[in-house]
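A.B. asks: Next comes the sequence, and after it the predicted model I'd like to discuss.
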Amino acid sequence: MHDIWNPWHGCVKCSEGCENCYMYFLDKVRDKNGRDIYRTKTGFNYPVQKNRSGEYKVKSGEMIRVCMTSDFFLEEADVWRDMAWDIMRIRSDVKFFLLTKRPQRVKKCLPKDWG
(Lines give C-alpha, C1' and ligand atoms only; values in the text may rest on other atoms or scores of the structure.)
Protein backbone atom coordinates (compact mmCIF):
# COMPACT_ATOMS: atom_id res chain seq x y z
CA MET A 1 0.00 0.00 0.00
CA HIS A 2 1.08 3.57 -0.62
CA ASP A 3 0.48 6.35 1.85
CA ILE A 4 1.17 10.06 2.25
CA TRP A 5 2.99 11.89 5.03
CA ASN A 6 2.85 15.69 5.15
CA PRO A 7 4.98 16.74 8.14
CA TRP A 8 4.64 20.36 6.99
CA HIS A 9 2.40 22.24 4.60
CA GLY A 10 2.89 25.16 2.27
CA CYS A 11 5.60 26.06 -0.19
CA VAL A 12 7.42 28.78 -2.09
CA LYS A 13 7.28 28.42 -5.87
CA CYS A 14 10.78 27.96 -7.27
CA SER A 15 10.48 26.91 -10.92
CA GLU A 16 8.25 26.81 -14.00
CA GLY A 17 7.11 23.39 -12.80
CA CYS A 18 5.39 25.13 -9.89
CA GLU A 19 3.14 27.21 -12.15
CA ASN A 20 0.17 24.81 -11.93
CA CYS A 21 0.84 23.45 -8.44
CA TYR A 22 -2.18 21.48 -7.20
CA MET A 23 -1.45 22.39 -3.56
CA TYR A 24 -1.74 26.09 -4.38
CA PHE A 25 -4.95 25.37 -6.30
CA LEU A 26 -6.47 23.37 -3.43
CA ASP A 27 -5.46 25.96 -0.85
CA LYS A 28 -7.06 28.70 -2.97
CA VAL A 29 -10.30 26.69 -3.19
CA ARG A 30 -10.20 26.40 0.62
CA ASP A 31 -9.52 30.14 0.96
CA LYS A 32 -5.98 29.46 2.25
CA ASN A 33 -2.62 30.87 1.20
CA GLY A 34 -0.26 28.17 -0.15
CA ARG A 35 2.73 30.33 0.82
CA ASP A 36 1.87 29.90 4.51
CA ILE A 37 4.33 27.27 5.70
CA TYR A 38 3.63 25.43 8.93
CA ARG A 39 4.36 22.17 10.68
CA THR A 40 1.28 19.95 10.67
CA LYS A 41 -0.13 19.31 14.12
CA THR A 42 -1.63 15.83 13.90
CA GLY A 43 0.26 14.70 10.81
CA PHE A 44 3.85 15.36 11.81
CA ASN A 45 4.28 12.09 13.74
CA TYR A 46 2.07 10.02 11.45
CA PRO A 47 4.65 7.28 10.61
CA VAL A 48 5.13 6.47 14.30
CA GLN A 49 1.48 6.65 15.32
CA LYS A 50 0.00 3.41 16.64
CA ASN A 51 -3.50 1.97 16.65
CA ARG A 52 -5.35 0.75 19.76
CA SER A 53 -3.63 -2.61 19.50
CA GLY A 54 -0.24 -0.93 19.75
CA GLU A 55 0.69 -1.64 16.12
CA TYR A 56 1.98 1.04 13.80
CA LYS A 57 -0.74 2.51 11.58
CA VAL A 58 1.77 2.50 8.72
CA LYS A 59 2.63 -1.12 8.02
CA SER A 60 6.17 -2.38 7.59
CA GLY A 61 7.28 -2.33 3.96
CA GLU A 62 4.82 0.39 2.96
CA MET A 63 5.94 3.25 0.75
CA ILE A 64 5.14 6.73 2.00
CA ARG A 65 5.22 9.73 -0.32
CA VAL A 66 6.57 12.60 1.76
CA CYS A 67 5.55 16.26 1.43
CA MET A 68 2.81 16.06 -1.16
CA THR A 69 1.67 19.51 0.05
CA SER A 70 5.15 21.02 0.33
CA ASP A 71 8.77 20.22 -0.51
CA PHE A 72 10.90 18.10 1.82
CA PHE A 73 13.96 20.27 1.16
CA LEU A 74 12.17 23.60 1.49
CA GLU A 75 14.45 26.06 3.30
CA GLU A 76 11.63 27.21 5.58
CA ALA A 77 11.32 23.62 6.86
CA ASP A 78 14.96 23.38 8.00
CA VAL A 79 13.88 23.72 11.65
CA TRP A 80 11.70 20.57 11.44
CA ARG A 81 13.70 18.35 9.09
CA ASP A 82 15.94 16.76 11.76
CA MET A 83 12.81 15.61 13.60
CA ALA A 84 11.50 14.13 10.35
CA TRP A 85 14.82 12.28 9.82
CA ASP A 86 14.49 10.91 13.37
CA ILE A 87 11.04 9.54 12.55
CA MET A 88 12.45 7.91 9.40
CA ARG A 89 15.21 6.30 11.49
CA ILE A 90 12.62 4.87 13.89
CA ARG A 91 10.64 3.52 10.92
CA SER A 92 13.53 2.19 8.86
CA ASP A 93 11.18 -0.64 7.84
CA VAL A 94 9.18 1.83 5.74
CA LYS A 95 10.18 3.24 2.33
CA PHE A 96 10.09 7.04 2.33
CA PHE A 97 9.76 8.65 -1.12
CA LEU A 98 11.01 12.23 -0.75
CA LEU A 99 9.56 14.77 -3.16
CA THR A 100 11.48 17.92 -4.07
CA LYS A 101 12.03 20.59 -6.67
CA ARG A 102 15.13 21.62 -4.75
CA PRO A 103 17.71 18.90 -5.51
CA GLN A 104 20.53 21.40 -4.98
CA ARG A 105 19.69 21.35 -1.24
CA VAL A 106 19.67 17.58 -0.74
CA LYS A 107 23.35 17.14 0.19
CA LYS A 108 23.27 20.07 2.63
CA CYS A 109 20.10 18.75 4.32
CA LEU A 110 21.08 15.09 4.77
CA PRO A 111 21.74 13.98 8.35
CA LYS A 112 25.39 14.19 9.41
CA ASP A 113 25.49 10.42 9.96
CA TRP A 114 24.01 9.59 6.55
CA GLY A 115 27.29 8.04 5.34
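C.D. replies: Cool, got the structure.
A.B. asks: show me where the protein has strands.
C.D. replies: 2-5, 8-9, 38-39, 63-66, 95-98 (DSSP state E).
A.B. asks: what about the fourth one, distance to the chain center?
C.D. replies: For strand 63-66, the distance from its own C-alpha centre to the chain's C-alpha centre is 8 Å (Cα atoms, centre = their mean, to the nearest Å).
A.B. asks: Sheet-wise, list the partners of that strand with their directions.
C.D. replies: Next to strand 63-66 in the sheet, as set by DSSP bridges, lie strand 2-5 (parallel), strand 95-98 (parallel).
A.B. asks: any residues touching the first one, and which ones?
C.D. replies: Residues from elsewhere that reach strand 2-5 (Cβ atoms under 8 Å, 6 or more residues apart in numbering): 43, 46-47, 58, 62-68, 96. Every C-beta, even on glycine, is put in place using the N, C-alpha and C of the backbone.
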